[in-house]
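Student: Build me a model from this:
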Amino acid sequence: MPKSIFYIILISVLISCRKEKRIANKINGDWSITTLKRTDHEGLIEFAQCSGTLHFNKLEGDSANYEFQIYYEFLGETGTINQKGTYKLIEKGDFMNLSVLDINNNLVSYTKYRLLTVTSSDLELEFSDGIKTLIFIMTSK
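Tutor: Take a look at the predicted model:
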């Protein structure tokens, strides 16, 4: 009985590692933003006009570099997201942590993104901005 439990745990760990590796291979590269959707805590949904790119370097080891350059315009609100830093897949590849770095490569903040869709041509990320507003970023290579 103890051997079977060991094998089940071993297989689970191997499958989890392969899932993270598959996800890392899929997100590697340049992505163009196509849709930016914001949902507030009351369920109000807004779509922005947007453009820009996301770039993820190949994950080697625990983490790799990324860079976002996104321009958006919601009704009455325009802005940009210009950030770079490192990313790391966590929680079996269902989430990623982005470490935001300043121009001197000092850590500014961490942001946790949920990976909703990951294929070789589509990537959908979700995060909460601290005001309980959810923002979905859908991109296509």
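
Student: okay, CA-based contacts and neighbour counts for the rest of this
Tutor: Noted.

Student: tell me what the helix or strand where Cys50 lies is packed against?
Tutor: Using DSSP states H and E, Cys50 falls within strand 45-56. Strand 45-56 is packed against strand 29-39, strand 64-74, with contacts defined by 3 or more C-alpha pairs under 8 Å, 6 or more residues apart in numbering; DSSP states H and E.

Student: Output those as TSV; include the columns mean neighbour count and distance to Asn57.
Tutor: Rendered in TSV, the data for the helices and strands packed on strand 45-56 read as follows (neighbours: other C-alpha atoms under 10 Å; distance: least, C-alpha to C-alpha, whole Å):
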stretch	mean neighbour count	distance to Asn57
strand 29-39	18	6
strand 64-74	18	5
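
Student: just to revisit the earlier point, just checking: what are the partner strands of the strand holding Cys50?
Tutor: Its sheet considered, strand 45-56 pairs with strand 29-39 (antiparallel), strand 64-74 (antiparallel) by DSSP bridges.

Student: which one of the ones you listed lies closest to Ser128?
Tutor: Distance to Ser128, taken as C-alpha to C-alpha, is lowest for strand 29-39 among these, at 9.7 Å.

Student: That closest one - what's its average pLDDT?
Tutor: What strand 29-39 shows for mean pLDDT is 92.

Student: List of residues touching that strand?
Tutor: 45-58, 70, 72, 133-141 (C-alpha atoms under 8 Å, 6 or more residues apart in numbering).
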